[in-house]
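Trainee: Just need the structure, nothing else, for what follows:
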Amino acid sequence: MWNATAGVARALFLAASMVSIVGCDISAAPRQAHNGGPELQPPGARTRVDAARNRVWTLTPEGVVLLEASRPERVAVPLPGWVWAGAPYGCLPDLALGPRGEVVVTSNVVPTLWRIDPRSLAVSVHALALDADTDKDVGFTGLAFSPKHGAYYAASEAHGSRWRIDPMPGKARKISHSAPVRQACAARPTPLS
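Mentor: This next block holds a predicted model:
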């Protein structure tokens, strides 16, 4: 019990350290990213703590930054070909922890996922085959893994839709619901929400 509690405490400490290192001042005005567009803000809103592995992953305009207890330095993980639209064009993209410690990153513009291997930090790109809305620009602004279902669940703020994403073979199925999902910017999509 003590080891689990200590691990969570270390992960929370890492998260707090990461906020101070990357400058996650939630009250700060958006800064300009290197491409002239607005920077992803607030960066702290797109941070995931992997307490089991003592890691903190943060989504930045250039990709993902990893901070872990075993390394004092931050590790930048660029996402090849990653596209996203900043404010005021929509909600930010998202990232989620997978079942084996991998990190999956969305685009809020296209139905593509970037997967970061937990050991090598190698990035693979996965274009998804949509079963609906193929005539629309569908990107995902909320993402969560469901261990019970063995799938990711995503929200698309632009269309108010929810999706089930099966990692293999890379298909996304639209989930029908009675009303469009609104305010998907901060939503952690679940199978039942």
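Trainee: contacts, neighbours, all on C-alpha from now
Mentor: Will do.
Trainee: how about the strands of the chain, start to end?
Mentor: Assigned by DSSP state E, the strands in the chain fall at 47-50, 55-60, 63-68, 75-78, 95-97, 103-106, 112-116, 123-127, 129-130, 142-146, 151-156, 161-166, 171-175.
Trainee: Can I get the fourth one as PDB, trimmed to CA atoms?
Mentor: Written as PDB, here are the backbone C-alpha positions of strand 75-78 (Å, rounded to 0.1, in the frame of the first residue of the first chain):
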ATOM      1  CA  VAL A  75      12.200  14.700 -23.200                       C
ATOM      2  CA  ALA A  76      10.600  16.300 -26.300                       C
ATOM      3  CA  VAL A  77       8.700  13.900 -28.500                       C
ATOM      4  CA  PRO A  78       7.800  15.500 -31.900                       C
END
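Trainee: quick thing: my sequence starts at 44, can you match it?
Mentor: Yep, numbering from 44; the last one is strand 118-121 now.
Trainee: doesn't Arg98 make contact with Val92?
Mentor: Yes. If you go by Cα atoms under 8 Å, Val92 and Arg98 touch, sitting 6.1 Å apart.
Trainee: wait, what's in contact with Pro115?
Mentor: Neighbour list for Pro115: empty [criterion: Cα atoms under 8 Å, 6 or more residues apart in numbering].
Trainee: where's it relative to Ala165, distance?
Mentor: As judged by Cα to Cα, to the nearest Å, Pro115 and Ala165 stand 20 Å apart.
Trainee: Thr101 now?
Mentor: Separation of Thr101 from Ala165 (Cα to Cα) stands at 16 Å.
Trainee: the more surrounded of the two?
Mentor: Higher neighbour count among Thr101 and Ala165: Thr101, with 23 against 12, using other Cα atoms under 10 Å.
Trainee: Surely the more buried one touches Arg117?
Mentor: No. The pair Thr101 / Arg117 is not scored as a contact, 10.4 Å apart, by Cα under 8 Å.
Trainee: what sits in contact with each of the two?
Mentor: Joint contacts of Thr101 and Arg117 (Cα under 8 Å, 6+ apart) are Val108, Leu109.
Trainee: quick one, domains of this structure?
Mentor: Dividing the chain into domains by automatic domain parsing, as the record does, gives the ranges 44-69+79-120, 122-236.
Trainee: Lowest average pLDDT across these?
Mentor: Mean pLDDT is lowest for domain 44-69+79-120 among these, at a mean of 65.
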